[in-house]
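>>> What would the 3D arrangement of this be:
(one chain, ligands or ions: 1)
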Amino acid sequence: MTTRNVAAVDLGAESGRIILGRFNGKKLLLEEVHRFANRPVTIHGHRFWNIPGLWDETLIGLRKARQRAGSLDSIGVDTWGVDYGLVDRNGFLLGLPFQYRDQRTSTIMEQVCALIPRERIYAHTGIQFLPFNTLFQLTAHEYQQPGALAQAHRLLMIPDLFHNWLSGSMVSERTNASTTQCWDAVAGVWDVDLLTQLGLPTSMLPLVVEPGTPLGPVLAEWQDDLGSALVIAPATHDTGSAIAAAPVSSPDSWGYISSGTWSLVGVELPQPLISPGVLAANYTNEGGVFGTTRFLKNVMGLWLLQECQRQWARDGHTLDYETLSTDVAGVPAFAALVDPDDPRFLAPMNMPATMNAYLQEHGQEPLQAPAAFARCILESLVLRYCEVFRQMGILTGKDIKGVHVLGGGARNAWLNQWLANALGIPVIAGPHEATAYGNALMQLVGLGDLQSLAEVRTVAQRTATRLFEPQAAQHEAWQEAAGQFRALTGTH
Ligand code: LFR
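Numbers count the residues shown, from 1 in each chain. Sure thing, here's the model as predicted:
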C-alpha cells in the first residue's frame, strides 16, 4: 500500500503537539512536527482555555505536517476529558471554555448528590465521582450564568469543537461523552433524565459517534493549506487514545497506568462493572475503543511534581526533570509519604507548601530539598498505584501479571522499577507518545486500513518498549512501606 499520512493533534496539560504518523501497512512511525505551550488563562479568578491561541497553533502545526508529508490523509484531535464549549448554529463559541481545575465546582458535587442519590447517578453513568466532571461543571455553569446552557445550539467537548472548526461537524465522540458523567454507560445514550432532574437543558447535547468515525473533509477555507484531508474522530479523550495504543498481546492479564499529569490506573473490561462495591470504592467505567470499558481510578499523578517545579521556578530555581530524577538517588527511602489523592492537591496555590502542611498534620517532618519532594511524590505514587491494583483485583477478580505504563511518565525509570519491585510483577514502559499513537491508530481505522482492536494492537506492539523486571530483594521493603501508607491514608 502507499504510505498513509495522518496528523494527530494532542492537547496535553503541559503542551500541545502536532504529530505526523506515517503508516506503511505494517509499522506506524511518529514524528513530532510542532509543540506549543498550553497554559490556562486566569480571568477574575477563574481558569479558562486559551482557545484562540491553541487553535492558531494547531493550524500552524497542521500546515507544517502537510508540508512535511506532502499530503495528509486525515486529521484527528484529542485532549483531556470533561471540558466543553457552548456554540451557536455556526459553531461560534458563546463564551470561553473553563478548565476543569477551577474553583467553580468546589462545592457542587455535594449539592448535586444531596438532590439526586449517588447510587442513582452511578447506576447509569458508572463514573468515578470527581468534582470536575462535566455534570458538575454544567450545574455550576447554570448556577453562575442562568439560561446560558439553554441558549447553546450544541455542547461540544474541546476536540469536537476543533473538529467543527476543521470540518463543520457538530457531533460528540463516545469515549469523551462517557467521561462527562452525563452519559448512560449501560444504555449507550445521554442520561437525559439525570440532567432534567437537575433542571439542566438537554437540547444542546449532540449526536454521539464511535471513535474511528470519519466526520468529513476539511472545510473549503482550509483546503489551500491542508489539502483534502479527512477529519476523523479518534478516541478524543486522551486516555482513550493512550489505552488503545497499549502494546498488548494477551487479552486478559494486564493492567495499565496512563501516566502523565494524571495517572489513570486500571484494566480493560468487555463491559462496565457497576455495583454497590464499585461505587463505594469510587472506580470509573469510561468508554474505550471497539466497545471496551476502561475500568480505572484517577490518581493525582505527576501533577504533584510538575506543580512543585512550577513553584520552584516562580521562586527563581528552575529544576528540570532529569536533574531532579538524578538527585532522588541521594535521598533516603520512605523518609516522607503523602496521600497523592488528598483533595488539597488538586489545585493548590503552592504545592511544596501544601505538601509540607500535609506532612506536618500527619506527624512527619517538612521537606526542603527539591529531590526530597521528588522522592516523596514518586514513592507515594507507587504505593497508591499498588493500593489501587490490589483493590481492583478484588473488584474485578482479575489476576494482573504485568503492567503497561503508557505516556510521558513511562520515561521515569524510578517509577517503573519501583512499581515492578513493589508489585512483584514486570512493568512494560512505553510508548511515551501513547496518546498520539492511539489517536493516529484510530484514524487508520477510520480510513479502513485497520479493522479491529486486535489489528490496532498488533501495530501497537511494533513500538519500542522497555521492560522492568521486579527485583526480589526490594519487595519486602515496599511491603513494609505499603503498610505505612495504608495506615496514613486508610483505603479509599
Ligand atoms: C488525563 C485526563 C483523565 C481525566 C482528566 C480530566 O489527561 O483526561 O483521563 O480524568 O484528564 O479530564
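
>>> show me the contacts for the residue in the stretch 151-300 of the chain that the ligand sits nearest to.
The stretch 151-300 of the chain approaches the ligand most closely through residue 239 (3.7 Å), counting by C-beta to the nearest ligand atom. C-beta coordinates here come from the backbone N, C-alpha and C atoms, glycine included. Applying C-beta atoms under 8 Å, 6 or more residues apart in numbering to residue 239 gives the contacts 80, 81, 258, 262, 264, 286, 294, 296, 435.

>>> Among those residues, name the ones in helices.
Among the contacts of residue 239, the members falling in helices (DSSP state H) are residue 435.

>>> Dump the contacts of residue 239 to JSON lines, plus neighbour count and distance to residue 456.
Shown next, in JSON lines, are the contacts of residue 239 (neighbours: other C-beta atoms under 10 Å; distance: C-beta to C-beta, whole Å):
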{"residue": "80", "neighbour count": "23", "distance to residue 456": "22"}
{"residue": "81", "neighbour count": "27", "distance to residue 456": "21"}
{"residue": "258", "neighbour count": "30", "distance to residue 456": "16"}
{"residue": "262", "neighbour count": "21", "distance to residue 456": "23"}
{"residue": "264", "neighbour count": "24", "distance to residue 456": "19"}
{"residue": "286", "neighbour count": "28", "distance to residue 456": "17"}
{"residue": "294", "neighbour count": "28", "distance to residue 456": "15"}
{"residue": "296", "neighbour count": "26", "distance to residue 456": "19"}
{"residue": "435", "neighbour count": "34", "distance to residue 456": "14"}
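
>>> Make a markdown table out of the contacts of residue 239 and add pLDDT.
Listed next are these as a markdown table, based on pLDDT from 0 to 100:
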| residue | pLDDT |
| --- | --- |
| 80 | 98 |
| 81 | 98 |
| 258 | 98 |
| 262 | 98 |
| 264 | 98 |
| 286 | 98 |
| 294 | 98 |
| 296 | 98 |
| 435 | 98 |
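
>>> Tell me which stretches of the stretch 151-300 of the chain form helices.
Here the stretch 151-300 of the chain has its helices, by DSSP state H, counting those that start in this stretch, at 158-167, 174-178, 192-197, 223-226, 238-244, 276-281.

>>> so which of these is the most packed in?
Among the helices of the stretch 151-300 of the chain, ranked by average contacts under mean count of other C-beta atoms under 10 Å, first place goes to helix 238-244 (a mean of 31).

>>> How far off centre is it?
With C-alpha atoms, centre = their mean, to the nearest Å as the basis, helix 238-244 stands 8 Å off its chain's centre.

>>> Now that helix - C-alpha only, PDB.
The C-alpha coordinates for helix 238-244 follow below in PDB (Å, rounded to 0.1, in the frame of the first residue of the first chain):
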ATOM      1  CA  ASP A 238      -6.600  11.400  25.600                       C
ATOM      2  CA  THR A 239      -6.800   8.400  28.000                       C
ATOM      3  CA  GLY A 240      -8.900   6.500  25.500                       C
ATOM      4  CA  SER A 241      -6.300   7.100  22.800                       C
ATOM      5  CA  ALA A 242      -3.500   6.100  25.100                       C
ATOM      6  CA  ILE A 243      -5.000   2.800  26.100                       C
ATOM      7  CA  ALA A 244      -5.900   2.000  22.500                       C
END
